[in-house]
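> I would like the atomic coordinates for the input below:
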Amino acid sequence: MSPSEPTGTTRATQTSTAVPPPEPTAARGRWRMRLAGLLFSVPALVLLLLFLVTPFLLAIGLSFTNLRLASPLPVRFVGIENYVATFTRPSFWQALGNNVVFTAIVVPVQTAFALWLAILVNRKLRGILVFRAIYFSPVVVVMAVAATVWLLLYSPDRGLINGFLRFISFGALESRWLQSTTMALPAIMIMSIWQGVGFQMIIILAGLQDIPEELYEAAQVDGASRRQQFLYVTLPGLRNTLIFVATVTMILAFRLFDQVWVMTQGGPLGATRTMMIEMVEIGFARQMIARGSAVAVIFFLIVLGVTIVQRLLIREEVQ
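Down below sits the predicted model:
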């Protein structure tokens with residue numbers, strides 16, 4: 001036996017200390033979890049494919065044709081004719097401008113109001129659950145019903161709002177809210193904020209309750225005032241929540257339709273006309289499905305672009 005050759009004892013020791021091959025149990029468990037997640041996602045993916053992706057792809061295809069409802073004319077390819085006609089239509093730009101104004105005002109105001117309400121109902125007081133339910137209750141009301149109620153409130157002669165204004169001003173103040181080109185859109189903004197703020201309030205409330213109480217205790221020990229605690233503890237802790245709330249509110253504000261259709265139908269003189277109203281009027285009232293599809297595609301691309309820009313400018317912090 002050569003000196004370099006290991007003995008039997010050495011061989012046994014090496015064999016006993018060798019690392020056993022990894023068992024496939026962990027890998028098999030991860031694979032099963034991925035498969036289970038995929039199977040649970042299939043119903044939602046199928047619904048999204050059937051009711052969102054497929055109609056949108058059909059809208060893109062129809063936007064390049066001359067399709068009309070109940071028309072005996074054969075369908076033919078017209079290229080970008082519908083898009084050119086849409087961009088040269090003055091009501092399109094008026095509707096887009098109304099959407100931009102509505103979104104630019106409602107998103108920050110509603111988010112700030114929701115933050116204030118969330119802080120208000122986050123206090124540990126007796127009966128606070130009742131106030132949470134009261135503030136959230138407008139969200140569960142169907143938008144058409146809420147718009148009808150506010151339509152009565154805005155009535156120039158018998159509405160409660162004008163009655164209150166006349167009472168506090170001895171008859172000097174009143175407004176024809178939905179019949180005025182300057183007040184119709186602000187009136188719809190007020191109604192929309194009232195109806196939707198409870199949803200954002202609940203989300204922000206969940207974010208507030210997720211902030212560790214130790215941070216506030218440490219801030220109090222350091223002598224921070226309530227304003228400083230809000231600026232340096234509450235707002236940083238709600239960063240991701242506020243970004244999510246602002247994004248969702250912006251998308252909902254852009255797809256403004258129900259309350260406008262019930263209260264003004266885009267009037268007076270197009271003061272409350274929106275992109276959704278424009279699309280419905282062209283596609284169904286005028287039966288120009290192809291041109292309405294072009295408006296829908298343009299509207300989708302605008303909302304998608306604004307959302308992407310917002311996400312690039314305001315990024316969520318990785319926890």
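> so where do the helices sit in the stretch 51-200 of the chain?
Using DSSP state H, counting those that start in this stretch, the helices assigned to the stretch 51-200 of the chain run over residues 54-62, 81-87, 90-121, 128-140, 143-153, 160-168, 184-209.
> distance between the last one and the chain's centre?
Which is helix 184-209. On the basis of C-alpha atoms, centre = their mean, to the nearest Å, helix 184-209 is displaced by 11 Å from the centre of the chain it belongs to.
> Could you do the fourth one as well?
The gap between where helix 128-140 is centred and where its chain is centred comes out at 20 Å by C-alpha atoms, centre = their mean.
> Equivalent analysis for the shortest one, please.
Shown here is helix 81-87, whose average C-alpha point lies 28 Å from the average C-alpha point of the whole chain (C-alpha atoms, centre = their mean).
> Looking at the helices of the stretch 51-200 of the chain, which is nearest to F284?
Closest approach to F284 among the helices of the stretch 51-200 of the chain is made by helix 54-62 (13.6 Å; C-beta to C-beta). All C-beta spots, glycine's among them, are computed from the backbone N, C-alpha and C.
> what does the closest one contact?
With C-beta atoms under 8 Å, 6 or more residues apart in numbering as the test, helix 54-62 has contacts from I289, A290, S293, A296, V297, F300.
> so for it, what's the average pLDDT?
Averaging pLDDT along helix 54-62 gives 93.
> How about stretch 158-176?
87.
> Now that stretch: buried residues?
Within stretch 158-176, the residues that count as buried by 16 or more other C-beta atoms under 10 Å are G159, I161, N162, E174, S175.
> Low-confidence stretches in the stretch 201-319 of the chain?
Along the stretch 201-319 of the chain, segments meeting pLDDT under 70 span 315-319.
> what about the helices in it?
Using DSSP H, counting those that start in this stretch, the helices of the stretch 201-319 of the chain run over 213-221, 226-229, 235-237, 239-254, 258-263, 275-280, 289-313.
> and these, which is most packed in?
Of all these, helix 275-280 has the most neighbours on average by mean count of other C-beta atoms under 10 Å, namely a mean of 23.
> from the chain's centre, how far out does the strand or helix carrying A27 sit?
Assigned by DSSP states H and E, A27 falls within helix 25-48. For helix 25-48, the separation from the chain centroid amounts to 27 Å (computed by C-alpha atoms, centre = their mean).
> what inclination does it have with respect to helix 54-62?
Angle, helix 25-48 to helix 54-62, by axes from the mean of the first three to the mean of the last three C-alpha atoms, to 10 degrees: 50 degrees.
> Would you mind listing the buried residues in helix 25-48?
So, applying 16+ other C-beta under 10 Å, helix 25-48 has no buried residues.
> Neighbours of V149, how many?
Using other C-beta atoms under 10 Å, V149 has 14 neighbouring residues.
> sorry, that was for L52
When neighbours are counted by other C-beta under 10 Å, L52 registers 10.
> Not including adjacent chain positions, what is the nearest residue to T241?
G207 (3.3 Å; C-beta to C-beta, 6 or more residues apart in numbering).
> The one you found and Q229, how far apart?
From G207 across to Q229, the span is 15 Å (C-beta to C-beta, to the nearest Å).
> sorry, back to before: which of the contacts of helix 54-62 lies closest to T234?
Closest to T234 out of the contacts of helix 54-62 is F300 (35.6 Å), distances taken as C-beta to C-beta.
> Distance check, the closest residue to that closest one other than its chain neighbours against V280.
Spatially, and ignoring its direct neighbours in sequence, F300 is nearest to F56 (6.9 Å; C-beta to C-beta, 6+ apart). According to C-beta to C-beta, F56 and V280 sit 17 Å apart.
> I251 too?
19 Å.
> How about I193?
24 Å.
> likewise A294?
Using C-beta to C-beta, we find A294 at a distance of 14 Å from V280.
> Mind listing residues that contact stretch 115-133?
135, 197-198, 201-202, 204-205, 207-209, 234, 238, 242.
> run the last query once more with 10 Å
134-136, 140, 197-198, 200-209, 211, 230, 234-235, 238, 241-242, 245 (C-beta atoms under 10 Å, 6 or more residues apart in numbering).
> Selecting buried members of those in ChimeraX, what would you type?
The buried subset of those, as determined by 16+ other C-beta under 10 Å, is captured in ChimeraX by this line:
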select :135,136,197,198,200,201,202,203,204,205,207,208,211,234,238,241,242,245
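> residues in contact with F102?
Contact partners of F102, counting by C-beta under 10 Å, 6+ apart, are L185, P186, I188, M189, S192, A253, F254, L256, V260, T272, T274.
> again, only this time at 7 Å
Counting by C-beta atoms under 7 Å, 6 or more residues apart in numbering, F102 makes contact with L185, M189, A253, L256.
> Wait, the first one touches T272, no?
Okay, so that is L185. Yes. Counting by C-beta atoms under 7 Å, T272 is a contact partner of L185 at 5.2 Å.
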